[in-house]
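[1] here's my sequence, what's the structure:
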Amino acid sequence: MPDDRPTGVDVARDLIGKAQRRDALFGIVGLGYVGLPLVVELAKAGYRVLGFDVSERVVRGLNAGHSHVKDVTDEQLGEAMAAGRFEATTDMSRLGEPDAVSICVPTPLSKFKDPDVSYIVAATDAVKRTLRRGQAIILESTTYPGTTREILQPALESTGLAVGTDFFLAFSPERVDPGNPVWKTHNTPKVVGGITENCTRVACALYEPAIERLVPVSTTEAAELVKLLENTFRSVNIGLVNEMAIVCDKLGVDVWEVIEAASTKPFGFMKFLPGPGLGGHCIPIDPHYLAWKMRSLNYKTRFIDLAGELNTEMPLFWVRKVAEALNGQGKAVRGASVLVLGVAYKRDIDDIRESPALDIIRLLEGQGARVTYSDPHVPCFSENGQDYRSVPLDAEAVAAADCVMIVTDHSAVDYRMIGRTAKLVVDTRNAMPKEA
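    As a prediction, this is how the structure comes out:
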């Protein structure tokens, strides 16, 4: 008897047609800083979106119209819900409903700096339990090259469905830059690589209505490596300018003047800035995924490892600068009051993940300093069982400190007041106005 089942081309054509008509239901697993902005853009494009998250608190808040992600406003969320295009759930048994599922879960490092793909594995297992013919599964979480093919594909094909024929599997790295006022999910080019050509075609068709420009690549491994190259490039170059900051310090030269002058060259130079170290969800973490993968292939990633060492040492370098500055005024670090300005990992956001400010506070307290902090975006945080609360940044707080240390600059801070009032300033970010 002839086989009347639809071919992979037929299944792909049906799903592409659903995308073009916006009949496809999109599922987003992980409603954080990557998943929720994607929800908003897909809903704007006309899709219905079902969001999945393991946190009941997050799901309750979203269904009540409250965003917990700074880059998504309550108004944007409300528009999607008012149009009947978004709801959130913790019920993973509903993963069989969407036609497309984007996995946007965290991928941290273990304490040994090895990739922790447990969230990806858990999401994959949940998808596997309800996988059906005609679904597309797209991994967005940053990971090492080979994850999609080595972890997701065998797990999903264990259901008896075939990739590229019955279902479609692709990798498309997130490129979210929290707090960036210009480059958002919609206008940032999106790289897509599928297990098969059909997989790439389907994934591109699904994203096309919501993303301005798609960049297809030949394999999932190529797509996975794109994200790692982007952030390794930044890590290595930041490591270079951080070392240059140390070199200039020893030579008595202003590193900021050197960088500004070098950046006037119209070719062959790209401006990177030194600072207190690396922070955030990508640059301090992603290169370790590549280094780990290469170690499994008996190759040592020398640039990556050296940059990691340099960037990790920067908090200690700046704490030493505080000690030197206090010593110059006849004070010891022990017993000195230090006001740390900014604990978020970069300006004008509330994210403290991997922030070098936390290492700086720990090192200062370890040397006996009395540390307080002020950050307009981070009212409080807990670290190593200790609770910290931001103090108001006023002339009284600045004058009371033996040293004010600028770790993260924020646009809302009056640095001229600090320059007029502080006894001593150690500026890791060149935030102080020159006239101050």
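[2] show me the residue at the heart of the chain, geometrically.
    The structure's the chain has its C-alpha centroid closest to His281; by CA atoms, centre = their mean the separation is 3.6 Å.
[3] skip the chain neighbours and tell me the closest residue to it.
    By the measure of CB to CB, 6 or more residues apart in numbering, the closest residue to His281 outside its immediate chain neighbours is Arg353, 5.4 Å from it. C-betas here are computed from N, CA, C, even on glycine.
[4] how much space separates the one you found from Asp387?
    In this structure, Arg353 and Asp387 are 18 Å apart, going by CB to CB, to the nearest Å.
[5] helix, strand or coil for the residue nearest to the centre of the chain?
    Three-state assignment for His281 (DSSP: H, G, I helix; E, B strand; the rest coil): coil.
[6] if we can go back for a sec, looking at Arg353 and Asp387, which is more packed in?
    In this comparison of Arg353 against Asp387, neighbours counted by other CB atoms under 10 Å, the higher total goes to Arg353 at 17 against 8.
[7] for this structure, just list every one of the strands.
    Secondary structure of the chain (DSSP state E): strands at 25-29, 48-52, 86-89, 100-103, 136-139, 168-171, 190-194, 214-217, 337-341, 370-374, 380-383, 386-389, 403-406, 425-427.
[8] residues in contact with the fourth one?
    Among residues not part of strand 100-103, those counted as contacts by CB atoms under 8 Å, 6 or more residues apart in numbering are 15, 19, 24-30, 35, 38, 95, 120, 123-124, 127, 135-141, 172, 206.
[9] one more: the second one?
    Strand 48-52 is contacted by residues 25-31, 35-36, 39, 42-43, 59, 62, 80, 84-92, 94-95, 97-98, 126 when judged by CB under 8 Å, 6+ apart.
[10] list the buried residues in the lengthiest helix in the chain.
    Taking residue count as the measure and DSSP state H as the definition, the longest helix of the chain comes out as helix 220-251. Judged by neighbour count using 16 or more other CB atoms under 10 Å, the buried positions of helix 220-251 are 220-221, 223-228, 230-232, 234-236, 238-245, 248-249.
[11] CA atoms only for stretch 134-147, dumped as CSV, please.
    Listed next in CSV are the C-alpha coordinates belonging to stretch 134-147 (Å, rounded to 0.1, in the frame of the first residue of the first chain):
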residue,chain,number,x,y,z
GLY,A,134,4.7,19.5,12.7
GLN,A,135,6.4,21.3,15.6
ALA,A,136,9.6,23.4,15.4
ILE,A,137,11.9,23.5,18.4
ILE,A,138,14.4,26.4,18.5
LEU,A,139,17.1,26.6,21.2
GLU,A,140,18.2,30.2,22.0
SER,A,141,20.2,29.6,25.2
THR,A,142,23.9,30.3,24.8
THR,A,143,25.8,27.0,24.9
TYR,A,144,28.8,25.1,23.6
PRO,A,145,29.0,24.0,19.9
GLY,A,146,27.3,20.6,19.5
THR,A,147,24.6,21.0,22.1
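[12] no further questions, thank you.
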